[in-house]
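Colleague: Mind folding the following:
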Amino acid sequence: MRKGLGGRRARSAMLLASPPGVVLWVQIGLLSVALLALLLNSYLGPLTPLTIFAVVAAYVVLFADRLPQVAKIAWPLLLIPLLALLSVFWSPYPAATLRYGFLFLVTVFAGVMFGCGLTRTAFLKGTFLAFFIFAVLSLMLGRWVGWGAGGAAYAGLLASKNAAGEVAGVTLIMSLAAIAWASQRKERVWLLCAWLALPISLWLLWSSKATGALIGSVVASTCLLLWLLSRRLPVQARISLFIVVLVSVVALVIAQDYWFSFIYEAVLESSGKDSGLTGRADLWLKADSLIAARPWFGLGFNGFWVHNNLDAEYMWRMMGIKGRSGFNFHNTPREILVHLGIVGLALYAIVVGFFSVVLFSKAMVRSHVDLVLCCALWVFFAMRLPFESFGFGGMHFSSIIIFALLSLGMAAREDSGDTYPAKAGQKRVPHVGRVAAKRSVRGMA
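Modeller: As a prediction, the model looks like this:
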């Protein structure tokens, strides 16, 4: 046991002894490979979870000395997938709950690993690189799908136009943040890539005809730009602007029932499509009946969308899901209530709410581009929680990003963006470089 731990520490020390650029690119590579595997899941199939397992294993080997601190910072987030695994004891389909609960746990761990186990620079570059590559591939190799009365929407390399709109929205936000970061750092290659990604993501977003993603992207991008511009203001003014914008967004989310439907139906009517055909109303009615039957602990994680479950088979047939997989209730609170009940929703709300407050608090004071980016991504997903399911499933890019941005906000880092969180009782140490390696080696001796 000690020999194995010493070996991992030795490999970690050897990596730290490498030039800073090597370590940075190793981190960028791990993150971008993981995200690309998830984005290309429909093509890779079972290779996607294997890729995520390999990336997590590589991180454990290369950065073993960071694991205790990662766990210390983000352990409350791991309670959510652990409760999902625990639900195997009351699930009507324990085998499915065990399988998908484990995949959810690995996904969440990968998210917190990327959020507080990498440098801020690696997080921003790795995430942007993955979405930029995928956007280019989608533009070159993507496909159109039917939409409305004889219309067409661009689904790219994804299974649906809504998924394509979601990815395009994230790419748009990442592009704006990358432009701001690269301009500040005078990183010309990254700046060029960011400017190239901007029109591509705009076209993909508009062509996807994904109304929810379009509205969420507009609101999140506006918040991002306002927060980025506020970085030049004094701290007090910056905090005030952050609070005003955040309160406005929260108010919009709470009042979505009063304004979102008008915009949504207007877009649908322009294509000749009836809003009732989206199927969400039928999904929500079924979810409400399941919640009423088992309100406290739910059915168990992934205890509904299972083959040979007659209710699930009926919903798949009604919604035209021929593959009989990869479906959800298109409402995050309902999704959690169905599978983990009131207890699960309360745990999710408390943990995610606390980490969100910490994220926004640090972004107000420090206003680093990566923190502002995380806040904008938070807004993008929060705007669509009543209409989509996010952060509550394994092997999906949104789950990794959500848990990564929450843990990134919790991690206490140096302003340079190139440091690890310090261990208790120690000064913060450089994330890369030979000095850190020498200290690690001396600590092992």
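Colleague: Flag the shaky bits of the stretch 51-200 of the chain, pLDDT-wise.
Modeller: For the stretch 51-200 of the chain, the stretches with pLDDT under 70 are 148-150.
Colleague: Next one, pLDDT for residue 286 please.
Modeller: If you check residue 286, the pLDDT there is 88.
Colleague: try the one 3 residues further on
Modeller: At residue 289 the predicted local distance difference test score is 93.
Colleague: count of neighbours near it?
Modeller: 11 (other Cβ atoms under 10 Å). For every residue, glycine as well, the C-beta is placed using N, CA and C.
Colleague: Numbering from 47 from now on, please.
Modeller: Taking 47 as the first residue, the last one we looked at is residue 335.
Colleague: can you tell me how far it sits from residue 145?
Modeller: Residue 335 sits at a distance of 26 Å from residue 145 (criterion: Cβ to Cβ, to the nearest Å).
Colleague: So which residues of the stretch 197-346 of the chain form strands?
Modeller: 197-202 (DSSP state E, counting those that start in this stretch).
Colleague: Which residues are in contact with the closest residue to residue 151 other than its chain neighbours?
Modeller: Leaving aside its sequence neighbours, residue 151 sits nearest to residue 127 (Cβ to Cβ, 6 or more residues apart in numbering; 3.9 Å). Residue 127 makes contact with 147, 150-151, 153-155, 440, according to Cβ atoms under 8 Å, 6 or more residues apart in numbering.
Colleague: Produce a PyMOL select command limited to the buried residues of the residues you listed.
Modeller: One line in PyMOL is enough to select the buried ones among these; burial here means 16 or more other Cβ atoms under 10 Å:
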select buried, resi 147+150+151+153+154+155+440
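Colleague: how about residue 456, what does it touch?
Modeller: 119-120, 162, 401, 404-405.
Colleague: Revised request: answer the last question for residue 272.
Modeller: 287, 291.
Colleague: What does the pLDDT read for it?
Modeller: 87.
Colleague: ok, it to residue 265 distance?
Modeller: Using Cβ to Cβ, residue 272 is found at 11 Å from residue 265.
Colleague: ok, which stretches of the stretch 347-491 of the chain are helices?
Modeller: 356-365, 378-412, 415-428, 443-456, 480-490 (DSSP state H, counting those that start in this stretch).
Colleague: Sort out which one of the contacts of residue 127 lies nearest residue 285 for me.
Modeller: Each of these was checked against residue 285 using Cβ to Cβ; the closest is residue 154, at 30.5 Å.
Colleague: Going by secondary structure, the closest residue to that closest one other than its chain neighbours is in what exactly?
Modeller: Nearest residue to residue 154, sequence neighbours excluded (Cβ to Cβ, 6+ apart): residue 127, at 4.7 Å. Using DSSP states H and E, residue 127 falls within helix 113-132.
Colleague: and that helix, C-alpha only, in PDB?
Modeller: Extracted C-alpha coordinates of helix 113-132, given in PDB (Å, rounded to 0.1, in the frame of the first residue of the first chain):
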ATOM      1  CA  LEU A 113      -6.600  14.200  -4.400                       C
ATOM      2  CA  PRO A 114      -6.900  14.800  -0.600                       C
ATOM      3  CA  GLN A 115      -7.300  18.500  -1.200                       C
ATOM      4  CA  VAL A 116      -9.800  18.000  -4.000                       C
ATOM      5  CA  ALA A 117     -11.900  15.700  -1.700                       C
ATOM      6  CA  LYS A 118     -11.600  18.200   1.100                       C
ATOM      7  CA  ILE A 119     -12.900  21.000  -1.000                       C
ATOM      8  CA  ALA A 120     -15.700  19.300  -2.900                       C
ATOM      9  CA  TRP A 121     -16.900  16.400  -0.800                       C
ATOM     10  CA  PRO A 122     -20.400  17.800  -0.300                       C
ATOM     11  CA  LEU A 123     -21.000  17.600  -4.000                       C
ATOM     12  CA  LEU A 124     -20.200  13.900  -3.900                       C
ATOM     13  CA  LEU A 125     -23.100  13.400  -1.500                       C
ATOM     14  CA  ILE A 126     -25.600  13.800  -4.400                       C
ATOM     15  CA  PRO A 127     -24.300  10.800  -6.400                       C
ATOM     16  CA  LEU A 128     -23.800   8.800  -3.200                       C
ATOM     17  CA  LEU A 129     -27.500   9.200  -2.400                       C
ATOM     18  CA  ALA A 130     -28.300   8.100  -5.900                       C
ATOM     19  CA  LEU A 131     -26.200   4.900  -5.300                       C
ATOM     20  CA  LEU A 132     -27.900   4.500  -1.900                       C
END
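Colleague: And the next helix or strand after it, how far out from the chain middle?
Modeller: Per DSSP H and E, the first helix or strand lying C-terminal to helix 113-132 is helix 140-163. Averaging C-alpha positions (Cα atoms, centre = their mean, to the nearest Å) puts helix 140-163 13 Å from its chain's average.
Colleague: in helix 140-163, what counts as buried?
Modeller: 142-144, 146-163.
Colleague: now the residue nearest to residue 151: how far from residue 440?
Modeller: 8 Å.
Colleague: Find the residues that touch each one of the two.
Modeller: The contact sets of residue 127 and residue 440 overlap at 147, 150-151, 153 (Cβ under 8 Å, 6+ apart).
Colleague: From those, pick the one nearest residue 213.
Modeller: The closest of the shared contacts of residue 127 and residue 440, once distances to residue 213 are taken by Cβ to Cβ, is residue 153, at 16.9 Å.
Colleague: Not including adjacent chain positions, what is the nearest residue to that closest one?
Modeller: Once flanking residues are discounted, residue 153 sits nearest to residue 440: 4.4 Å by Cβ to Cβ, 6+ apart.
Colleague: Correct me if wrong: that neighbour contacts residue 156.
Modeller: No: judged on Cβ atoms under 8 Å, residue 440 makes no contact with residue 156 at a distance of 9.8 Å.
Colleague: How confident is the prediction for the nearest residue to residue 345 once chain neighbours are set aside, by pLDDT?
Modeller: Using Cβ to Cβ, 6+ apart and skipping residues adjacent in sequence, the residue nearest residue 345 is residue 385, 5.8 Å away. Per-residue pLDDT puts residue 385 at 95.
Colleague: one step back: state the pair within the shared contacts of residue 127 and residue 440 that is farthest apart.
Modeller: 147 and 153 (10.6 Å).
Colleague: so what sits against both of the two?
Modeller: In contact with both residue 147 and residue 153: 127, 440, using Cβ under 8 Å, 6+ apart.
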